[in-house]
Every structure is written in structure tokens, then in C-alpha cells.
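Trainee: Fold the following.
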Amino acid sequence: MRPVEELQVWKERWQTLDKIMSDLLTAYGRDSGPDFPRKATIYELLQRLKSFGKSHFTYFYQGFLDGSPLTLHEDLEKYPPAAVLRSIIDQISFDLEVIERAWNQRLAGTAVTKEALQLADALGQLALQPAVHGGLIPANVTTLTYFQKSTSVRVIPYADVAIVGLPFTAVDVSRDFLAIPHEVAHYLYRHGNHAEKPVSTFLRDNTKQHPKYLRNWLEETFADVYGCLVAGPVMAIDFQDLQLDDPIDEFTKAYIDYEDPVPVIRPDIYTKTLVHSDVHRNTDLALLLEKRWHGRRDNYLGRSAEAETPITFTTTNQTFSLDDVRSPGGNLDADNKPLDNMLQEILNLLAPCMAAHPAHPRWSGDENSLSAIRAVAQLPALYANFDQFKDSIEVVHTPQDKELRDKQYPHKLVIFVPDVPADTEQLESSLELEAAGLTPGIDSLWVNWAARWAQRNEVPLGELLAERNPKRDPKNSKDKWGWIELAYADGWATRGPEPNPVGG
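Mentor: A predicted model of the protein is given here:
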């Protein structure tokens, strides 16, 4: 535990952020100033960030002080209070920056930029629909996009919003929108539920027997599979091209980025997904894509097509042949290879979602345009098909406008992008929280989130909010509820497995 004087500077840093957010809320005005699409969502996000951030910071700041009834003492050597408070301040600051960008780009951006953001929001909403219809996430989840230097997703705990950052180049290079289905899948992985468990927990439980390097890839592999199921073969060709824009010495090294499948093997995930997808099942097209990839891969590695030596990649302390890890072609069950088995687990989870989706849109083109692709050289037509698809989209912001536009323009794909409503949730039991000795400054938004976190992690809510049990033994796994995971808020970070405070 720490004296007040040692942690005072962190309190001052939070107070500075709190004042900045208060001033911005006043300047923005929910019902004043210029109106523009998604204003209500962005204002509500800032409001919730301020509320959640205050509670999250207060809980840990108070918990680390001398004399606190909370017993946040285990793991303090590894995670000292200053490190935890720094991560919380960083997380709040990251989100504040993102929210400001989303606001300013929609208010003061060029007409072209504003139009591109509207389209990006609609593509994100469309990409979430299979998960909604499959019951993995609620229908009120929405997407908010903004432009920055590169692609990323913000996983936030205080609103049902997938916040996706896209490169500025997407304004004119339409294939850069194809990051969206993959990025919203990170939201689904973190916030979705399946078989009465979080999606992430369900998949981690079902892949415990896999090698560690593959388990490190689980979230990214899930996002690859979901993105491919949503958008089809155009995702496969896009991710082929993306694997070739890194230095060649990173192409076969799995330890450089532990979270992403090593580039030399990643396109195989897409081939196998396409072959085993009930929506996109087109083995001939998938094998054309595989042939294209093998040619580009071998050229990148300086190999001849006839080379007999196996292609290998390295983890921190091992070297594997590609054939050790996955079976050739679109196979998933022929040789019991570990990557095949992981893909099968993910496909088993996602297949019902795709089946439940009532009208799967053709991101990659319709059946006629896809059947016209008969050679590797014709595969870039998938990008042109995507251009036509996105040009058919019209964005609306009320259900009434959607109903009207559907009747007026039956040839258009009309997408309703909902806003986040004002938060009117109340505490279900203020008496329970009062009995738990809840610290002043912690409000219902945080408590409701903490209650869900506690339920998922099988921790009594009262124990979580005011740990007073002197008999609790933090060395006993049954008694240790792991406050450090609570501090990092289920991956409240750019992306990556918790407890990563800043993501990647």
C-alpha cells in the first residue's frame, strides 16, 4: 500500500483529464451547436468515458492507499500501483484522442472524408450483422470509424460500440476498407457470448491442448476467419497482399509479433475458411487463391516452385515446417494438424451465425461475377467487385429512413447505422453496494460493468468491490480473483490479450 503523497500526482493527472472532458462536453453540447451524423454517439461515448474513467481510476487509486479496506496487495511487485494507474490514465487518454478525432473529422473534415466515414460506419454495421443474427452480440451494437495512420480497433468496456481506426488512404483506395470485417471481429471476440460463456473464454477453453504459439494467435485467427466468412474471397486476396508489405526477415518469424499468425502461413487460414464455409463454399476459387499465394510467397522467399526443402518459420525457441502445422490445400481434418484443429473450433462456433444471417451481402461479387474468375490473373477482379458492392450502399440513421429508402431504391443496399442512446441505467441494488462499502465516486456504469466482469470470472460482487476478508489467501487460486485483469478491463486497449495495457 502507498501513502497519499506518493500517489497524489496520479490523482492530479486524472483531475486534469476529467476537466478536459468536462470542458469538451460543454463545448460540444448534446443538443446545441452544429448537427452531423453520429454526433449523438460521439457525445455519449465521451460522457461514458468520463464516467467510467472516474470510477475505474477511483477504485484503484483508493484501493492502493494506506488504510484502504480494499486488499489490492497480490502481484504488487510485478504490477506496482504507479504502473496500474499509468495504464488507466493512458487508456483514458487514448480513448479521448480517438473520440476527438471522430468528432473533428465529422464536423470539420472535407466532404469526401465525411462521405468515406459514413460508408465505413455502414460497412462496420453490416459486418456485425451475422453475429447479431447468430445471437453472439445484442442488436444494439454499433460501429464508429475514424481515420488515422493505420488500422486498429478500440476495445472499450463502457459502451456497445466497436471503434475502428482506418488509414486515411481508404478515402480513395477502397480495398483499405476491407480491414473493417476483421477489426469488428475483435469486438465480437471480446464482447460476444456463446454457450453461456464469453467467446474468448469458450475458445480458449477449447484450445488448451494447442501449442502456445498457436494460442497466442487465437484472437487474430478468429478475426481472420470471421472477416473471411463475412466478406468472402476478396478478404483472402487482400490479406495475401498485406502479408508482403513487411521486411522479409519478419515474414517467417512468429516471435516478432506474438499475436498475429506468422505472415508465411496466414493466407492458408483464408483458403481453408473459404473451402469450409457454407456461405462462400467455392473450392475452385479458393484453390486459385491458394495457387496465387504460393507463387507470390515463393517469389518473396526466392524459392523455385520445384524446391523440395520445406518452408519453415521460427517461434522464440523452435522451428516448424509449415507442413507440421497445417495440412495442404483446403483440408481441415486429413492429418490432425494443430492449426487445422484451431480453425475447426472457430468455424464450429461461427457457422450457426452465418446460417442465421437472413440475406448475406456480396462483398466479393455475385455468383455470376465470381464464376467468371477462372484463372489466377483474373483474381484482382475481386477488388472491382467490392468497389461495385460498396457503391450500392446507402446509409441512413433512423429506422423510418431505412423503410422509406428500401421502398424507393430497391436496387440499393440501405444500411441503418444506429446511435448510442443516452445512458439511463440505474443501480439495481443500491443497498447491496452500500453494504459493500462502495467508495464515493464510483457510479452505476462502472458497477454494472464490474458486476458482469465478476459474473464471468466467478467472483462475488461484494468481494470485488470491497475485499475485507482477512482469511483470504492470495496464494490459493480459489481465493485469488485477480485484480490486475480487472484493472486492464478485459483488454481495454488497442487490441491484444489482457493484461496488455496498451495493445499493439
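Trainee: hmm, what's the outermost residue in the chain?
Mentor: Glu306 (39.9 Å; Cα atoms, centre = their mean).
Trainee: Model confidence score at that residue, please.
Mentor: pLDDT, Glu306: 83.
Trainee: go on, Pro410?
Mentor: Reading off the model, Pro410 has pLDDT 84.
Trainee: Tell me which helix or strand Arg292 sits in.
Mentor: helix 283-301 (DSSP states H and E).
Trainee: helices and strands around that helix, which ones?
Mentor: helix 233-242, helix 266-275 (3 or more Cβ pairs under 8 Å, 6 or more residues apart in numbering; DSSP states H and E). Any C-beta I mention is one placed from the backbone N, CA and C, and that applies to glycine too.
Trainee: Can I get those in a markdown table including mean pLDDT and mean neighbour count?
Mentor: Converted to a markdown table, those look like this (pLDDT from 0 to 100; neighbours: other Cβ atoms under 10 Å):
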| stretch | mean pLDDT | mean neighbour count |
| --- | --- | --- |
| helix 233-242 | 96 | 23 |
| helix 266-275 | 95 | 24 |
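Trainee: Just tell me which of the ones you listed ends up closest to Leu382.
Mentor: The closest of these to Leu382 is helix 233-242. By Cβ to Cβ, the value is 4.2 Å.
Trainee: Could I get the contacting residues of the closest residue to Ala159 other than its chain neighbours?
Mentor: The shortest distance from Ala159 to any non-neighbouring residue, by Cβ to Cβ, 6 or more residues apart in numbering, is to Arg48 (5.2 Å). Taking Cβ atoms under 8 Å, 6 or more residues apart in numbering, we find Arg48 in contact with 158-159, 423, 445.
Trainee: Mind doing that once more with 10 Å?
Mentor: Applying Cβ atoms under 10 Å, 6 or more residues apart in numbering to Arg48 gives the contacts 95, 99, 156-159, 161, 420, 422-423, 445-446.
Trainee: returning to what we had before: next, format the helices and strands packed on helix 283-301 as TSV and append distance to Glu394.
Mentor: Listed next are those as TSV, based on distance: least, Cβ to Cβ, whole Å:
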stretch	distance to Glu394
helix 233-242	21
helix 266-275	29
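Trainee: Mind checking the pLDDT average for the helix or strand where Met21 lies?
Mentor: Using DSSP H and E, Met21 sits in helix 4-28. Regarding helix 4-28, the rounded mean pLDDT is 92.
Trainee: can you give me how far it is from the chain middle?
Mentor: 28 Å (Cα atoms, centre = their mean, to the nearest Å).
Trainee: Pull up the per-residue confidence for Gly295.
Mentor: Reading off the model, Gly295 has pLDDT 95.
Trainee: Please apply the same query to Ala359.
Mentor: Reading off the model, Ala359 has pLDDT 67.
Trainee: now do the one 10 residues further on
Mentor: Ser369 is assigned a predicted lDDT (pLDDT) of 94.
Trainee: now do Glu77
Mentor: pLDDT at Glu77 comes out at 61.
Trainee: Settle this for me: Gln240 is touching Tyr270, isn't it.
Mentor: Yes. Between Gln240 and Tyr270 there is a contact under Cβ atoms under 10 Å: 7.7 Å.
Trainee: Common neighbours of the two, please.
Mentor: 289-290, 293.
Trainee: Next, work out how far apart the most centrally placed residue in the chain and Val153 are.
Mentor: Taking Cα atoms, centre = their mean, the centroid of the chain lies closest to His186, which sits 2.3 Å from it. In this view, His186 and Val153 are 5 Å apart by Cβ to Cβ, to the nearest Å.
Trainee: swap in Ser327?
Mentor: The spacing between Ser327 and Val153, counted by Cβ to Cβ, is 31 Å.
Trainee: Those two: who's more crowded?
Mentor: Each of Ser327 and Val153 has its neighbours counted (other Cβ atoms under 10 Å); Val153 has more, 26 against 17.
Trainee: ok, and that one, which helix or strand is that part of?
Mentor: Per DSSP H and E: strand 152-154 holds Val153.
Trainee: From the contact counts, what lies against that strand?
Mentor: helix 81-108, strand 142-148, strand 161-167, helix 179-191 (3 or more Cβ pairs under 10 Å, 6 or more residues apart in numbering; DSSP states H and E).
Trainee: Locate Arg204 within the secondary structure: which element?
Mentor: Under the criterion DSSP H and E, the helix or strand holding Arg204 is helix 199-206.
Trainee: how far off helix 81-108 does the next helix or strand after the helix holding Met21 point, in degrees?
Mentor: Elements were assigned by DSSP H and E; along the chain past helix 4-28, the next helix or strand is helix 39-64. Computed by axes from the mean of the first three to the mean of the last three Cα atoms, to 10 degrees, the angle separating helix 39-64 from helix 81-108 equals 170 degrees.
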